[in-house]
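K.L.:
here is my input; please provide its structure:
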Amino acid sequence: MRTGGGGARVAASGAKSGGCSLLALPAATVLDKKYYFSLPRDSRLKRRPKIMIRTVFFYIFLVIWTVVLANAVLLVALVAPQSGLMHKIGRFWSRSLLKVAGVKLQVSGLEHLQPGQSYIYAANHQSAFDIFALIAALPYPVNFLAKIELFAIPFFGLAIKKMGCLPVDRSNRQAAVHSLEQAAAAVREGNSLIIFPEGPAA
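P.N.:
Have a look, this model is predicted:
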């Protein structure tokens, strides 16, 4: 893999306070995204009912929309698995969730990512919004190393498996090593991958 200079940034506003940084190899591309939510105390108290209503609506939308689009991915996997449409559905899913949650992304520097080049993106991981933002911001198909528990979720688990995501059993070191070997093989085949190096899997 070759390395080079250049950088990119992603900023997201409107979600819970937190942050995530991302390193892409081989282009040594760095994406940072930060979530800001800060209001004066009186303003927070006045807006609390609206925030609670929006939060409830978001989670209802998350469940329904995930089931709908997961089934769409499974259908595409049957009729046109190599079309790239599955990843487009995943990007649409992420952008829809961010919009409903009131999160706005600001992206710059993506010109350093080269079409046809495989990348390994290493990001820290503080909330599910990290995943939504990464899928929404990155312009090319990308898969995840994901905790094995996600693959047990009805519809969603099978959908991400069909998309090429790889399970990591964080309680079993030998199984985790095997997952990393599978990930390395996937990258050698030209696929890009997002990993979250922190935690037991590291």
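K.L.:
spit out the contact partners of residue 154.
P.N.:
Contact analysis of residue 154 by CB atoms under 8 Å, 6 or more residues apart in numbering lists residue 67. The C-beta positions use only the backbone N, C-alpha and C, and glycine is treated the same way.
K.L.:
how close does the closest residue to residue 156 other than its chain neighbours get to residue 112?
P.N.:
Closest residue to residue 156 apart from its sequence neighbours, by CB to CB, 6 or more residues apart in numbering: residue 70 at 4.9 Å. Shown here: residue 70 relative to residue 112, a distance of 32 Å by CB to CB, to the nearest Å.
K.L.:
so residue 106 is in which element?
P.N.:
strand 104-108 (DSSP states H and E).
K.L.:
strands paired with the next helix-or-strand element following that strand, and their directions?
P.N.:
Next along the chain after strand 104-108, taking DSSP H and E as the criterion, comes strand 120-123. Note on strand 120-123: by DSSP bridges, its sheet partners are strand 18-25 (antiparallel), strand 193-195 (parallel).
K.L.:
let me see the mean pLDDT of the last one.
P.N.:
So that's strand 193-195. For strand 193-195, mean pLDDT rounds to 85.
K.L.:
still on that earlier bit, the more surrounded of residue 70 and residue 112?
P.N.:
residue 70 (23 against 16; other CB atoms under 10 Å).
K.L.:
from what I see, that one and residue 162 are in contact.
P.N.:
No - the pair residue 70 and residue 162 fails to qualify as a contact (CB atoms under 8 Å) at a distance of 9.4 Å.
K.L.:
host element of the residue lying closest to residue 165 once chain neighbours are set aside?
P.N.:
Leaving aside its chain neighbours, residue 165 sits nearest to residue 144 (4.6 Å; criterion: CB to CB, 6+ apart). Secondary structure from DSSP H and E places residue 144 in strand 143-147.
K.L.:
contacts for that strand next, please.
P.N.:
131, 160, 163-168, 170, 179-180, 183, 186, 191-196, 201.
K.L.:
closest to the centroid, which residue in this protein?
P.N.:
residue 131 (2.6 Å; CA atoms, centre = their mean).
K.L.:
check which helix or strand it maps to.
P.N.:
Using DSSP H and E, the element containing residue 131 is helix 128-137.
K.L.:
tell me the buried residues in that helix?
P.N.:
129-137 (16 or more other CB atoms under 10 Å).
K.L.:
try stretch 105-121
P.N.:
By 16+ other CB under 10 Å, the buried positions in stretch 105-121 come out as 105, 107, 110, 112-113, 118-121.
K.L.:
with pLDDT as extra columns, can I get those residues in JSON lines?
P.N.:
What follows is those, written out as JSON lines (pLDDT from 0 to 100):
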{"residue": "105", "pLDDT": "82"}
{"residue": "107", "pLDDT": "79"}
{"residue": "110", "pLDDT": "81"}
{"residue": "112", "pLDDT": "81"}
{"residue": "113", "pLDDT": "83"}
{"residue": "118", "pLDDT": "85"}
{"residue": "119", "pLDDT": "86"}
{"residue": "120", "pLDDT": "85"}
{"residue": "121", "pLDDT": "84"}
